[in-house]
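> A predicted structure for the sequence below; I have some questions about it.
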Amino acid sequence: MKKSIGLYGEVIATLVFLLGAALLLGGFLLLRLSEQQLLDQRVGGIIAQVRLMTRSVAGTEYGEDDDLTRLARFSRLVRDLPSDQSPLSWTLTDSKLKVVATRRLQGESIGNASDLQAVLTASEPLVRVDYRVGWLPWDADEGSLLISQAIRSGGKVLGGWQARFSLADVRLQILAAYRLTLLYILLYGTVLVGFGVLLLSLNVVQPIRRLRQATQAIAEGDLETQLPIAGPREISDLSGAFNTMADALRVSRGETEAHINQLSQANDDLKRTQEELIRSAKMASVGHLAAGMAHEIGNPLGAVVGYLELLKSRCDDSDQRDLLVRSLEELGRVDHLVRDLLDYAAPAEEQTELVEPGKVLEEALGMLIHQGAFGFRTVRKDWPDRLPPVRMVRHKLVQVLVNLLLNARDATAEEGTVQLSAALEGSEVVIRVADNGSGISGEVQRQLFDPFFTTKAPGKGRGLGLAVALRIVEEAGGKLLVESTAGSGSVFILRLPVVGEEEP
């Protein structure tokens, strides 16, 4: 169960209780000893005073006074005592216990006759102390001392004297000692509690607070937290164990993150492998389809083209000749489609060469501009005079750039802008083809390089251009990427590794 007070409160309450109990117990024991000593001193003083008084009556300087005269002189001596030495009550008798003089409190009896009878034959006084010792000085009455003493002269017993003395002064001294002791306990306890709280705060409370703060930091993910190895052995051992735990957690988190990165990398590799398998499967299907089409369509198509060429050479009618030309153009498109499928499914091995990207950019862009492919669109170009060479088939790089530029043209409005730029970034030549069209959504971007996927209207595209371009770039060791947000244009990024100095 959670307590409502903190560690400071626990420490202060415990110190106050333990020190208070120890100091009070020690003070009470000391006061009890002091009270007993004061009582003994008071009793001893009264006995000495009584003996001195009885000896003064028995002196030889009084001559041959009779017994009653001596007893009367003793009575006057008692009455003349100072108030702080005078008994509360007293009784003076002769040798036959006949009362000669007395002073009694109201309601008090004459005295203890048996004690008087006993002291007449005894050499020492008979003392009875009525003093009750309590745990608290105000928890008892004042107390009194009853002393019985024989009065002798020259070995003869003149009579007896019995007196009751107050012990209130002992009680008053004890009360004063109690007050002083309580004040001492309060001051001394305050000092001890203050120093105890300070030491416990430095050695226990503050280290525990630091440990709590460090634990909270660990819980929030800050595994660099460390505690100082200081203080008592147990605290320093605890700090060392905490630091060891933090180090172990940091190492474990590093291993976990590395494992997660490995799993993420493996997952990415699996996705790429899956995509490659899908493309391979599509390529295989396209290969079978292309082979069948080439076998089934190629020969009849060649024959039809031959017949149309023959007719065109013999035809003099301009309208019919124009119709033959258009027919040949359409058959050329069919032939081009068959060749695209064959190139995609089973690309022929061609000799690579060192290609200067800037010149290829000029060639591809100039060819399209001369054909009027961009219409009224603005074309901007930006690349340095010379770029490091890359190794690939030259006409394939032209094919990739033409495909990207035509896609950028199709994505822009009639008065849009197409920008072609290139630069050296690290060990790669980076070519960017940007447009300010409507952009590409994320769903479309995931299928953009799949064979036969197209967003163009029917008859405007076959969905093989970007798939072929991606294969050409990857065969050259490069990357073809796209960056686009729906509504803000697109950028196709072509990254090609430059030729190293050690490569001729």
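Arrived safely, thanks for sending.

> so how far is stretch 171-187 from its chain's centroid?
Offset of stretch 171-187 from its chain centre (C-alpha atoms, centre = their mean, to the nearest Å): 52 Å.

> residue ranges for the helices of this structure, please.
Taking DSSP state H to define them, one finds helices in the chain at 7-57, 67-79, 113-119, 168-200, 206-219, 233-314, 318-345, 357-370, 394-411, 442-445, 465-475.

> do you know how far residue 156 is from residue 94?
12 Å (C-beta to C-beta, to the nearest Å). The way it works is simple: take the backbone N, C-alpha and C, and place the C-beta from them, glycine included.

> got any residues that touch both of those two?
Here residue 156 and residue 94 share the contacting residues residue 67, scored by C-beta atoms under 8 Å, 6 or more residues apart in numbering.

> comparing those two, which residue is more hemmed in?
Neighbour count, other C-beta atoms under 10 Å: between residue 156 and residue 94, residue 94 has more, with 16 against 11.

> wait, that one sits on residue 69?
No - if you go by C-beta atoms under 8 Å, residue 94 and residue 69 don't touch, sitting 11.9 Å apart.

> any chance of CSV for the helices of the chain, columns mean neighbour count and distance to residue 422?
Listed next are the helices of the chain as CSV, based on neighbours: other C-beta atoms under 10 Å; distance: least, C-beta to C-beta, whole Å:
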stretch, mean neighbour count, distance to residue 422
helix 7-57, 15, 69
helix 67-79, 16, 136
helix 113-119, 16, 134
helix 168-200, 15, 73
helix 206-219, 14, 50
helix 233-314, 13, 27
helix 318-345, 14, 26
helix 357-370, 16, 6
helix 394-411, 20, 10
helix 442-445, 12, 23
helix 465-475, 19, 14
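
> tabulate these in JSON lines, adding columns for distance to residue 128.
As requested, these are arranged in JSON lines below (distance: least, C-beta to C-beta, whole Å):
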{"stretch": "helix 7-57", "distance to residue 128": "10"}
{"stretch": "helix 67-79", "distance to residue 128": "19"}
{"stretch": "helix 113-119", "distance to residue 128": "7"}
{"stretch": "helix 168-200", "distance to residue 128": "16"}
{"stretch": "helix 206-219", "distance to residue 128": "63"}
{"stretch": "helix 233-314", "distance to residue 128": "61"}
{"stretch": "helix 318-345", "distance to residue 128": "133"}
{"stretch": "helix 357-370", "distance to residue 128": "130"}
{"stretch": "helix 394-411", "distance to residue 128": "127"}
{"stretch": "helix 442-445", "distance to residue 128": "113"}
{"stretch": "helix 465-475", "distance to residue 128": "124"}
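
> mean pLDDT lowest where, among the ones you listed?
When those are compared by mean pLDDT, helix 318-345 comes last with a mean of 71.

> count the neighbours of the nearest residue to residue 165 once chain neighbours are set aside for me.
Nearest residue to residue 165, sequence neighbours excluded (C-beta to C-beta, 6 or more residues apart in numbering): residue 145, at 4.5 Å. Counted with other C-beta under 10 Å, residues neighbouring residue 145 total 22.

> residue contacts, residue 145?
By C-beta under 8 Å, 6+ apart, the contact list for residue 145 reads 42, 43, 46, 127, 128, 129, 130, 131, 164, 165, 166, 167.

> quick check: residue 423 vs residue 434, distance?
Residue 423 sits 13 Å away from residue 434, taking C-beta to C-beta as the criterion.

> comparing those two, which residue is more hemmed in?
Remark: of residue 423 and residue 434, residue 434 carries more neighbours, 19 against 13, as counted by other C-beta under 10 Å.

> that one and residue 419 touch, don't they?
Yes - using C-beta under 8 Å, residue 434 is in contact with residue 419, at 4.5 Å.

> ok, residue 156 - contacts?
residue 67.

> quick check: it vs residue 92, distance?
Applying C-beta to C-beta to residue 156 and residue 92 gives a distance of 16 Å.

> again with residue 55
16 Å.

> again with residue 469
144 Å.

> same question for residue 99.
For residue 99 relative to residue 92 (C-beta to C-beta), the value is 7 Å.

> out of those two, which sits in the busier spot?
Ranked by neighbour count (other C-beta under 10 Å), residue 99 and residue 92 place residue 92 first, with 23 against 12.

> tell me how many other residues crowd the nearest residue to residue 389 once chain neighbours are set aside.
Of all residues not flanking residue 389 in the chain, residue 354 sits nearest, at 4.3 Å (C-beta to C-beta, 6+ apart). Residue 354: 13 surrounding residues under other C-beta under 10 Å.

> so residue 354 makes contact with residue 392?
No - contact criterion C-beta under 8 Å: residue 354 and residue 392 do not qualify, at 9.1 Å.

> got any ranges where the stretch 401-504 of the chain has weak pLDDT?
Residue ranges of the stretch 401-504 of the chain with pLDDT under 70: 453, 455, 457-463, 500-504.
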